[in-house]
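# Predicted coordinates and the sequence they were generated for:
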Amino acid sequence: RNALRHNNQNFILLLLHWDGTVFNLLLTNVLLYSTMALYVAVRIQTNLSPPEFIESISTGDIAVVGGFLSFFLVVFANQSNARFWDQYNHAMKLKGRIFDIASVARANLPYAKAHRMVRYMNASMVTCYLGISDTYTSENFFHPLNKVNRYLMDEEVKRMELVDMDIGCAASRELVVWTLLDIQRCQKKGEIDNMVA
């Protein structure tokens with residue numbers, strides 16, 4: 001996200017930004033350094049005194065191994081890309097449904113009730129991301145966004161913390177239920193008809 005704030009800069013200057021890049025994570029990644037150290041150690045050992053089995057390896061063997069590695073890397077990259085686009089499409093569909101709810105609620109309900117439903121649905125979308133991986137947590141994702149956008153009030157946040165936003169999608173589902181209960185209450189009061197609900 002930080003890189004997006006600088007999108008009007010020259011491409012070369014954009015590449016030199018440190019904030020919002022993966023380099024912060026790589027700097028503290030032990031696996032990266034241990035892999036590089038192992039590679040350097042093996043290269044030094046091989047150059048100083050090559051093992052005896054090196055002469056028995058033919059170029060055909062290396063080609064077969066290289067072919068398998070290339071095949072598996074391509075399949076892995078394709079699967080990762082497909083998963084990304086699948087998740088992106090689901091997120092955009094959810095965004096569309098939230099927009100639908102916001103439009104219908106604002107057109108048919110008093111502002112306070114419509115605003116509360118939109119807050120709940122936006123909070124539901126944000127909490128969806130919390131339960132799917134360790135990357136996004138309530139501390140580094142939800143609370144900063146909630147502080148800026150006020151999706152949930154303090155007592156509502158306390159309820160979400162009881163549900164434990166960081167595990168699964170229970171918090172997101174509960175927020176959807178809150179929205180449905182608001183719709184049901186508005187329907188019973190005659191503020192919206194059955195067709196709109």
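Noted; the coordinates are in hand.
# and the top helix by length along the chain, how far from the chain's centre?
Using DSSP state H, we find that the single longest helix of the chain is helix 59-108. Mean-position distance between helix 59-108 and its chain equals 12 Å (CA atoms, centre = their mean, to the nearest Å).
# What helices and strands are in contact with the strand or helix carrying residue 39?
Residue 39 is located in helix 30-48, with elements delineated by DSSP states H and E. Helices and strands touching helix 30-48, by 3 or more CB pairs under 8 Å, 6 or more residues apart in numbering; DSSP states H and E: there are none. Backbone N, C-alpha and C define where each C-beta goes, glycine included.
# go with 10 Å
For helix 30-48, the packing partners by 3 or more CB pairs under 10 Å, 6 or more residues apart in numbering; DSSP states H and E come out as helix 23-27.
# just to revisit the earlier point, contacts for the helix holding residue 39?
Outside helix 30-48, the residues that touch it by CB atoms under 10 Å, 6 or more residues apart in numbering are 25, 26, 27, 29, 51, 54.
# Mind giving me the packing neighbours of the longest helix of the chain?
Judged by 3+ CB pairs under 10 Å, 6+ apart, helix 59-108 is in contact with helix 111-130, helix 170-188.
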